[in-house]
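Engineer: From the sequence below, what's the structure:
(2 chains, ligands or ions: 2)
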Amino acid sequence: MNIVESLRVALRGLKVNKLRSFLTMLGIIIGVGAVIVMVAIGQGAKNSVTNQIQGLGSNLLIISPGQSNSGGVRGGAGSLTNMTMDDVTAIQQQADAVAAVAPMASRNAQVVLGNQNTSTQVIGTTPSYAAVRNQSVDFGRFFSQRDLDSRAKVAVVGTTVAQNLMGNSNTNIVGRIININRVPFQVIGILQSKGSSGMTNNDDQILVPITTAQSRLIGSQSVRTIFVEAKTADQMNAASMEISTILRHRHGLKLSDPDDFTITNQSDILSTAEGITQSLTLLLSGIAAISLLVGGIGIMNIMLVSVTERTREIGIRKAIGAKRRDILFQFLIEAVVLSLLGGIIGILLGGGGASLMQKLSGMSTQVSGTSVVVAFLFSAAIGVVFGVFPAQKASKLDPIDALRYE
Amino acid sequence: MISLKNLTKVYATGDVEVRALAGVSLEISQGEFVSIMGPSGSGKSTMMNILGCLDRPSTGEYFLDGLNIAEASDNQLAEIRNQKIGFVFQSFNLLPRTTALENVELPMLYRGLGAKERRDSALRALNAVGLGNRVHHKPNELSGGQQQRVAIARALANKPVIIMADEPTGNLDSKSSEEIMAIFQQLNEAGITVALVTHESDIALFSKRIVRFKDGRLDSDETVGKRNLAQGPRLDLAGSPGQLEVAGL
Ligand SMILES: Nc1ncnc2c1ncn2[C@@H]1O[C@H](COP(=O)(O)OP(=O)(O)O)[C@@H](O)[C@H]1O
Ligand SMILES: [Mg+2]
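Structural biologist: Ligands and ions are numbered 1, 2, ... in the order given. I've put the predicted structure just below:
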């Protein structure tokens, strides 16, 4: 008997018991579906974290103040206020591997326009911020060096801020005067939307010259964070060393003193984050794989019941000339069809579930082709592995014993 | 065509050994119609199962159509069951939830015949046993006599050299029994060898030769002098598998 006929016989066997066949498949459907969804979630998380980190800028180094350590009381990371605009200038002028430097001093502020108001983050920085953070302007212009030098009260606002203050038609906010903590600023531009990454909305911010921010809004000369763009990806380590030397020298640290600042490398963050999401994906799919295994055991269980129940049928088939191989294939194919069909349905449901999840919860998911192929092959393998034992049991039945079975 | 020499079959159930067959020697030639009779437990079914290649003897020789059955492998036995023997059971043994047509096709499926050939032959065989109008019925939609006729059609499907039947009328009323015997008689007339087990002497009288068993041994072997003719529908054997086989001999 050839394989097509075997397949037909096996399909008939499954059709006779539709409900049971479906319930048997359910284990595989859930297992495969879970694997697909879990991998999609992991992949989606990885993508969004990667995008988020890459969206920070390119070849980026982030310098933040170290911990304060006065009298044995350790403050949190970044609790020192020891970085100033002079440090920024020094890095810009002395570090060879550095392409651009942008400082940042920020605070939350209440922003008012007419009878609308919103609370947002106001960031004081320099014109190079646009280049370092890959932040361009959609309408109007970014502030200039002259604005910086003259402590001009000008602001570039994010699209969310513009919408909150103006309603939907947000373009004509350019030129308007907004009050930031009661200080009037003229809006000169709108930032290009970057969307939200994770919990932070990148469009809910206002950029102003750092000089203005320090004197009018913050009341301190310290710089919260310094963003540095290295000339090339290869020069990031060199830039980091140069900056370290410059800052240690400027801050008068002795050889034995620890750094009073922290330099974070964008590619380090990236690989750490990728490592974390990778293990997240592995963990999730591992759990899902266990349910797949349970599904496989379910198939074996049902196939064993089916073999016992159909002992007489096996006897009849053998009596009229079915060989061992014919019976083996019949039951093996039944098992493989069950698991493969379950696998295919699981893949479809998993894919659908993943995109539904993205639509409903906004969680980004990406169904990976590899996971689909692996799930398909895995479910076929499960059919073979868990089907072989019952099928062999069936094929070894003695025709007389099988016919006599009640 | 069938030659048995000193055939024994011993069942070992626990510590007790049951000698179901204690040395049987028997010859059945082409074209015979043999009834095997004997009291319950005398070894008739055991003998029939061995003849039908469903079981192996413990010792002794069995030649079927020149083949040494005692030395055949499982696969060879399956092939012999498939192509040389048509077996009919007391309890019909049709596949449930499967139409008469598909049941009759089954032996040809395992023989490896194509779908069209299977279908045509199965239809001819079902026509031959008078079930041409019941081909799509499932066993539970057929009477006992009709089910047994489907089983006979299935036995004929692969043009066997011999039909073996273990109490084929045991589950049937007397009218259906006689119809079944009429079919066997006509098949035998068409040249097919028939061997059947029965414990009813009026059934045995439809055959040509009666072999009696007692305690696993041959007790008597006689030719039926005055043979009864079974009343039943005349078969259309022209073009049936059995007829084709006979014509080819
Ligand atoms: N599978 C078996 N295991 C053990 N003993 C068996 C088996 N089959 C038949 N026997 C015994 O062999 C003897 C002959 O049985 P059987 O051939 O069925 O007799 P019959 O068909 O003539 O009534 C009986 O004593 C029966 O109990
Ligand atoms: Mg018996």
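Engineer: What segments of the stretch 251-400 of chain A are helices?
Structural biologist: A:266-309, A:311-319, A:324-361, A:369-395, A:399-404 (DSSP state H, counting those that start in this stretch).
Engineer: Including mean neighbour count and distance to chain B, could the ones you listed go into CSV?
Structural biologist: C-beta coordinates here come from the backbone N, C-alpha and C atoms, glycine included. Shown next, in CSV, are the helices of the stretch 251-400 of chain A (neighbours: other Cβ atoms under 10 Å in any protein chain shown; distance: least, Cβ to the nearest Cβ, whole Å):
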stretch, mean neighbour count, distance to chain B
helix A:266-309, 17, 11
helix A:311-319, 23, 5
helix A:324-361, 21, 6
helix A:369-395, 19, 10
helix A:399-404, 18, 5
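Engineer: Let's have the ones you listed in CSV, adding mean pLDDT and distance to residue B:8.
Structural biologist: Shown next, in CSV, are the helices of the stretch 251-400 of chain A (pLDDT from 0 to 100; distance: least, Cβ to Cβ, whole Å):
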stretch, mean pLDDT, distance to residue B:8
helix A:266-309, 87, 32
helix A:311-319, 95, 23
helix A:324-361, 92, 26
helix A:369-395, 91, 28
helix A:399-404, 92, 17
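Engineer: Ok, which of these comes nearest residue A:28?
Structural biologist: Residue A:28 lies closest to helix A:324-361 among the helices of the stretch 251-400 of chain A, at 3.0 Å (Cβ to Cβ).
Engineer: Now the longest helix anywhere in chain B - C-alpha only, CSV.
Structural biologist: Secondary structure of chain B per DSSP state H: the longest helix is helix B:174-189. Output of helix B:174-189 as CSV, limited to C-alpha atoms (Å, rounded to 0.1, in the frame of the first residue of the first chain):
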residue,chain,number,x,y,z
SER,B,174,-32.0,-20.7,8.7
LYS,B,175,-33.2,-18.8,5.6
SER,B,176,-30.2,-16.5,5.5
SER,B,177,-28.0,-19.6,6.2
GLU,B,178,-29.4,-21.4,3.2
GLU,B,179,-28.8,-18.3,1.0
ILE,B,180,-25.2,-18.1,2.1
MET,B,181,-24.8,-21.8,1.4
ALA,B,182,-26.3,-21.3,-2.0
ILE,B,183,-23.7,-18.7,-2.7
PHE,B,184,-20.9,-21.1,-1.6
GLN,B,185,-22.3,-23.8,-3.8
GLN,B,186,-22.4,-21.6,-6.8
LEU,B,187,-18.9,-20.4,-6.2
ASN,B,188,-17.8,-24.0,-5.8
GLU,B,189,-19.6,-24.8,-9.1
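Engineer: The helix or strand that that helix is followed by pairs with which strands?
Structural biologist: Sequence-wise, the next helix or strand downstream of helix B:174-189 (DSSP states H and E) is strand B:193-197. Sheet pairing for strand B:193-197, assigned by DSSP bridges, gives strand B:33-37 (parallel), strand B:162-166 (parallel).
Engineer: what does strand B:193-197 contact?
Structural biologist: Applying Cβ atoms under 8 Å, 6 or more residues apart in numbering or on different chains, the contact partners of strand B:193-197 are B:1-2, B:28-37, B:44-45, B:48, B:51, B:88, B:161-168, B:184, B:187-188, B:207.
Engineer: Please identify which of the strands paired with strand B:193-197 is closest to residue A:99.
Structural biologist: Comparing these by Cβ to Cβ, strand B:162-166 comes nearest, at 95.3 Å.
Engineer: Residues contacting the closest one, please?
Structural biologist: Strand B:162-166 is contacted from outside by B:1-2, B:28, B:44-45, B:48-49, B:51-52, B:64, B:84-90, B:152, B:155-156, B:184, B:187, B:192-197, using Cβ under 8 Å, 6+ apart.
Engineer: now do stretch A:269-278
Structural biologist: Taking Cβ under 8 Å, 6+ apart as the rule, stretch A:269-278 contacts A:42, A:45-46, A:49-50, A:53-54.
Engineer: isn't residue A:53 right up against residue A:265?
Structural biologist: No: taking contacts as Cβ atoms under 8 Å, residue A:53 lies outside contact range of residue A:265: 10.9 Å.
Engineer: Which residue of those two possesses the greater neighbour count?
Structural biologist: Shown here are residue A:53 and residue A:265; by other Cβ atoms under 10 Å in any protein chain shown, residue A:53 has more neighbours (20 against 17).
Engineer: Tell me the pLDDT of that one.
Structural biologist: The confidence metric pLDDT takes the value 81 at residue A:53.
Engineer: What are the neighbouring residues in contact with residue A:258?
Structural biologist: Residues counted as contacts of residue A:258 (Cβ under 8 Å, 6+ apart) are residue A:66.
Engineer: Quick check: the gap between the closest residue to residue B:206 other than its chain neighbours and residue B:196.
Structural biologist: Leaving aside its sequence neighbours, residue B:206 sits nearest to residue B:181 (Cβ to Cβ, 6 or more residues apart in numbering or on different chains; 4.4 Å). To residue B:196, residue B:181 is 9 Å away according to Cβ to Cβ, to the nearest Å.
Engineer: mind checking the SS state of whatever residue of chain B ends up closest to chain A?
Structural biologist: When scored by Cβ to the nearest Cβ, chain B has residue B:82 as its residue closest to chain A, at 2.4 Å. Secondary structure, DSSP: H, G, I helix; E, B strand; the rest coil: residue B:82 is helix.
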